[in-house]
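*Asks:* Any chance you could fold what I've pasted below:
(one chain, ligands or ions: 1)
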Amino acid sequence: MTGLVKDITDWVGAVQVNSALRERIELWRDKAQALEDKVVELEKENAALKEAAAKMQNQLTKPLTSSDYVYHKGAAFKRLPSGGANSEFVYCPKCYQTMGSPHGIGVFQCSFCKHHAGFSGHELSAIQRELAKMIA
Ligand SMILES: [Zn+2]
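*Replies:* Next up is the predicted model:
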């Protein structure tokens, strides 16, 4: 019992009140206690969320290294913290820039260093399935 609930309890103990008023005051005290309990619960939840946000922020700002990627058929795919790899985006294994497939059907090429992957845009879904099996 802290703060408002203690004040209510102390006040009720110090003054003469009839039973109807006492009942009403006890109801308010119970509501105040429920609010104080909720504040404690929300403060704990807020602290946990702040900690999780700080961890995620740290992951976002951490520079990636070659071990943060999975390599397959001349391309690199970002490893996911949960395991596996994000196969939606294809990266150059030499300079780690994104690679594109001309018109979604050509061979993936790095726009920065011109490295070619070993597959074309129309093969991407097969590459994604291979990648999923490799990592599983
Ligand atoms: Zn490149």
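*Asks:* buried stuff in stretch 101-110?
*Replies:* Residues of stretch 101-110 classed as buried by neighbour count (16 or more other Cβ atoms under 10 Å): 101, 108-110. All C-beta spots, glycine's among them, are computed from the backbone N, C-alpha and C.
*Asks:* for stretch 54-65, that is, sorry about that
*Replies:* Of the residues in stretch 54-65, none is buried under the neighbour-count criterion (16+ other Cβ under 10 Å).
*Asks:* CA atoms only for the longest strand along the chain, dumped as CSV, please.
*Replies:* Residue-count comparison of every strand in the chain, with assignments taken from DSSP state E, identifies strand 85-91 as the longest. Taking C-alpha atoms only, strand 85-91 is exported to CSV below (Å, rounded to 0.1, in the frame of the first residue of the first chain):
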residue,chain,number,x,y,z
ALA,A,85,18.1,-15.6,-44.2
ASN,A,86,16.1,-12.8,-45.9
SER,A,87,15.9,-14.0,-49.4
GLU,A,88,13.8,-11.1,-50.6
PHE,A,89,16.9,-9.0,-51.3
VAL,A,90,20.0,-10.1,-53.2
TYR,A,91,23.3,-8.6,-52.3
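*Asks:* Which ones, among the buried residues of stretch 101-110, also lie beside the ion?
*Replies:* Cys110 (Cβ under 5 Å from the ion).
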